[in-house]
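In: Everything below, folded, please.
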Amino acid sequence: MNGYSDRINHALAFAAKHHDRQVRKGTRLPYLTHPANVAIILTRYGRDEDTVIAGILHDVIEDCVRENHTRDMLGQRIGDKFGMEVLDTVLAVTQRTLDDHGTDLSSQERKDDYLERLADASDSARWVCAADKLHNAGTIVADLKRTIDPDTVWGRFNVGRDGTVRWYRRVYERLRDLSFSAPIMDELRRVVESLEAAAEGHVAGEGATSSSARR
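Out: Residues are numbered from 1 along each chain as shown. Now for the predicted structure:
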């Protein structure tokens with residue numbers, strides 16, 4: 001596809017409205033830059049329009065619950081405006097807050113549940129998952145290269161450096177173990193390895209600093 005249509009334009013406007021005033025963690029960048037980049041990645045790999053739209057909307061249900069917008073309301077709006085295939089894809093890559101029995105999930109349980117549900121997810125959902133993680137991990141690597149203080153980057157995440165690196169490795173390995181062998185997996189593997197190398201370099205740097213301090 002050529003990456004532009006009235007439906008895609010509508011999806012971008014919808015995402016912009018719901019992500020209004022949200023910014024990327026630790027930056028002043030409008031949050032919309034993330035779903036827009038996910039859409040670009042999916043378009044670059046020639047994915048169909050519904051998958052690109054789901055990529056644009058993939059964080060709306062997870063991140064845009066407000067006083068007048070419950071998860072169910074947001075899901076219904078997406079389904080009504082963009083179709084059930086788009087909604088099903090978005091839901092498949094949305095971390096749930098409750099399990100099937102209505103029990104609250106902890107932060108770690110949400111991640112485990114997300115990975116587990118990828119087994120039943122559609123090919124489109126796995127593409128959106130891969131593109132989402134590719135852009136997020138790639139952004140972290142790029143920011144680490146630009147900063148003189150890596151802690152300012154790792155500090156954005158509640159799980160810290162090790163938990164962040166481990167999460168992206170887990171997602172990649174889960175997709176691989178589910179036999180998702182799309183071309184994007186090579187790029188995702190490379191960026192996960194770059195993230196791991198950056199983390200290891202930071203550890204080595206800390207060790208060198210400590211060693212110097214002892215002399």
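In: Could you find the closest non-adjacent residue to the residue most central in space within the chain?
Out: Centroid check for the chain by CA atoms, centre = their mean gives Asp132 as the closest residue, at 3.7 Å. Excluding its sequence neighbours, the residue lying closest to Asp132 (CB to CB, 6 or more residues apart in numbering) is Val38, at 5.4 Å. C-beta here means a position set from N, CA and C on the backbone, and glycine is covered the same way.
In: where do the helices sit along this structure?
Out: Under the criterion DSSP state H, helices of the chain are mapped to 6-18, 33-44, 49-57, 60-63, 71-82, 84-92, 107-117, 123-146, 151-154, 160-177, 184-214.
In: Of all these, which one is nearest His101?
Out: Minimum separation from His101 across the helices of the chain (CB to CB) falls at helix 107-117, 12.1 Å.
In: name the helices or strands packed onto the closest one?
Out: helix 160-177 (3 or more CB pairs under 8 Å, 6 or more residues apart in numbering; DSSP states H and E).
In: residue ranges with poor pLDDT in this protein?
Out: In the predicted model, the chain carries pLDDT under 70 at residues 1-3, 67, 202-215.
In: So Glu62 versus Gly155, what's the distance?
Out: 22 Å (CB to CB, to the nearest Å).
In: So between these two, which is more surrounded?
Out: Glu62 (18 against 13; other CB atoms under 10 Å).
In: How about the more buried one: what's its closest non-neighbour residue?
Out: The spatial neighbour of Glu62 that comes closest, neighbours along the chain excluded (CB to CB, 6+ apart), is Thr94 at 4.7 Å.
In: Pretty sure Leu42 is one of the things the residue nearest to the centre of the chain touches, is it not?
Out: No - look at Asp132 against Leu42 with CB atoms under 8 Å: they stay out of range, at 9.7 Å.
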